[in-house]
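Peer 1: build me a structure from this.
(2 chains)
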Amino acid sequence: MTWEDDDFAPESAHRHHTRPTRPTYIPPHLRTINPHYTSPPQHSRSPYFPEPTPFRRPPLLNPSGSSSSRRGGRWRRGGGAPRGTDAPRRSPAPRFLPPKHYPYDDLSEKLDELKVVEEDAVDGASSKGNAINFEAYDDIPVEASGENVPEAVESFGEIELSEGLKENIRRCKYAKPTPIQKHAIPIAVAGRDLMACAQTGSGKTAAFCFPIISGILKNENWVKVAGSGRRGGTRVAYPSALILAPTRELSCQIYEEARKFGYNTGVKIVVVYGGAPIVQQFRNLEKGVDLLVATPGRLVDMIERAKVSLSMIRYLAIDEADQMLDMGFEPQIRKIVQQNGMPPAGKRQTMLFSATFPDEIQRLASDFLSDYIFLTVGRVGSSTDLIAQRIELVQDIDKRNHLKNILRAQRDNEPFGKSSLTLIFVETKRGADSLKHWLSTSGFAAVAIHGDKVQMEREQALKAFKRGATPILVATDVASRGLDIPHVSHVINFDLPKDIDSYVHRIGRTGRAGRSGLATAFFSDKNMPLAKALAELMKESNQDVPSWLSQYAERSFNDVGQGRRYGGSKFGAHDFRNDSYIGNGNSDYSSAYYGGDSMVDSHSSPTRVGYVSPTFGVRADFYGPASHGTGFGQEPVVAGGWE
DNA sequence: AAAAAAG
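Peer 2: The predicted model follows:
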């Protein structure tokens, strides 16, 4: 670094203390309408997030310097007239401009929601409906392997995060880190690369957002050269951090989450994804971007159009990393990470997160990492015990009627509504539409979401579902990963996925933040190949495995090539580097273990590490104990045509 | 053989 700390100090002092009178804050949605708008009365917004004060970057350290890249710095440009023009602009706009489609009102609302949830958590009241049930996490085994693993912490206070961020964490009422956060954040703050596996719904987003935002704030000197500049007459954005996610909706969700954490810190966060007008996204980028959240396709497009450069990236986080490195996505990810000017591993910090991480993908992923730490909270690819899993033997032809019975019983038990959402997964996009249509004509208001719908429809469907306006959502795998939809009490796998990992992610849409949930699956003859993995997974999660499923599982020996552990399934808290067959140079990874029962030698047998199941109340009678029954119960069935 | 991600 060429800048001296001392040079920088007065600047930040200036930022905090001298606040000359500035124009009244004008909410974005009213800015162009009435420049003399005065802010609404205080009570209309969250007391925890007072009216935002426009953030000002400290003045440039070398104002006389006239390098064009600095002149193009994005905190200078914001709201100012174009160079060489004296044309009056609309009112002196504050610098902290959220993208138009996410106005502050929306943000405040989300924050209030979050506040309620977290206040309950503070009481430690696991009995309350909304509480984050931390007890549920207490006995989860944690494994961290790699060299010099930084120590875990017990509170956010112990972690060196920048003050602005800590303030936001407090505002969000995040009282206490979840297990993945306790371990991952110190590792990330120490600048280490990380491959992290944690169960669905356990707080991964914050685990990578906190270190990134904190890092950006602590490295303002460095960030100064990022932001935006010019190349060939067009503005180029130079983000210093990039977060990638596999679906558009997930990108938006991460973006909104990150916005909360970066609130009023001056860290500029932008999201880009396909299916939405690219021009608007260009505009957002031109206002400057420190942290870019993106789906791969749109990002590559923007790189090729020279609207975004990755040459200044310091932090790279890939959410759902196993899917992102799987066949369909891998070429695009390589393009982004290896072929377009992004600093190589070691010169940037890379963090990969997912609930599932098959060995072969771990191997691939290590290309992107340097001296990384492998962290598991819970098992790789296991589901939480908080989700009660029911597997029912239902042939394709009976599925609709069976579903109707379930939904009826459910409705009798507790009316559908905002607090009781049902998410139904199907295999195909066509199947989603047709099931949705059938449900609607059968008296169950449903919406569908899948990749053939235009983005607007997708977002509207999700919104209607979240609100409870349409408490049934029929979805393809577009909704299987990452989406945090509060109050999904029931996930139904109308069609089981081919891949056990996908199953894990799908059922993970319920049972979030330590709450319990129910997952029902219709198992048909077609799903035979999944029997073994499914039975293993259920056993691991302390579920009762129907005896017919166990029998199927035993009979299935056609799963060669699926990996050596656990009958071909892909779980096990496991750093693939610890496999002895990897050979020299990898045997010196030390392993650190935390948590009760996890003290096993990972080099020896693949013996299961048991852990105590937290108590939870699952409404096993959610839709009645097979009273509506189909009769497929525990009797073993031997299906023909499969072997 | 399907879904997702660019248009």
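
Peer 1: name the SS class of residue A:388, please.
Peer 2: Using DSSP: H, G, I helix; E, B strand; the rest coil, the structure places residue A:388 in strand.

Peer 1: with residue A:267 instead?
Peer 2: coil.

Peer 1: that one and DNA strand B, how far apart?
Peer 2: Using CB to the nearest atom of the strand, to the nearest Å, residue A:267 is found at 23 Å from DNA strand B. Where you see a C-beta, it was placed from the backbone N, CA and C, and this is true even at glycine.

Peer 1: tell me which element residue A:424 falls in.
Peer 2: Secondary structure from DSSP states H and E places residue A:424 in strand A:421-425.

Peer 1: tell me the mean pLDDT for that strand?
Peer 2: Averaging pLDDT along strand A:421-425 gives 96.

Peer 1: can you get me a residue count around the nearest residue to residue A:574 once chain neighbours are set aside?
Peer 2: Counting by CB to CB, 6 or more residues apart in numbering, residue A:574 lies nearest to residue A:380, which is 6.0 Å off, once chain neighbours are set aside. Using other CB atoms under 10 Å, residue A:380 is surrounded by 29 other residues.

Peer 1: repeat for the one 4 residues further on
Peer 2: Here the count is done by other CB under 10 Å, and residue A:384 has 29 residues near it.

Peer 1: for it, give me its contacts.
Peer 2: Each residue near residue A:384 by CB atoms under 8 Å, 6 or more residues apart in numbering is listed here: A:136, A:199, A:200, A:201, A:202, A:378, A:508, A:511, A:541.

Peer 1: filter those residues down to the buried ones, ChimeraX style.
Peer 2: Typed into ChimeraX, the line below selects the buried ones among those, using 16 or more other CB atoms under 10 Å:
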select /A:136,199,200,201,202,378,508,511,541
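
Peer 1: can you name every helix or strand that the strand holding residue A:424 contacts?
Peer 2: Using 3 or more CB pairs under 8 Å, 6 or more residues apart in numbering; DSSP states H and E, the elements in contact with strand A:421-425 are helix A:399-413, helix A:455-467, strand A:472-475, strand A:488-493.

Peer 1: is DNA strand B contacted by stretch A:297-313?
Peer 2: Yes. Interface with DNA strand B: stretch A:297-313 contributes A:297, A:298, A:299, A:300, A:301, A:304 (CB under 7 Å from any atom of the strand).

Peer 1: which helix or strand contains the fourth one?
Peer 2: Counting by DSSP H and E, the element that carries residue A:300 is helix A:296-304.

Peer 1: what helices or strands is that helix leaning on?
Peer 2: strand A:241-244, strand A:269-272, helix A:278-286, helix A:330-338.

Peer 1: nearest spatial neighbour of the residue of chain A found nearest DNA strand B, skipping sequence neighbours?
Peer 2: Going by CB to the nearest atom of the strand, DNA strand B is nearest to residue A:297 of chain A, at 2.0 Å. Leaving aside its sequence neighbours, residue A:297 sits nearest to residue A:274 (CB to CB, 6+ apart; 5.1 Å).

Peer 1: what residues does the stretch 451-600 of chain A put near DNA strand B?
Peer 2: So far as CB under 7 Å from any atom of the strand goes, the stretch 451-600 of chain A lies against DNA strand B at A:451, A:452, A:476, A:477, A:478, A:497, A:498, A:499.
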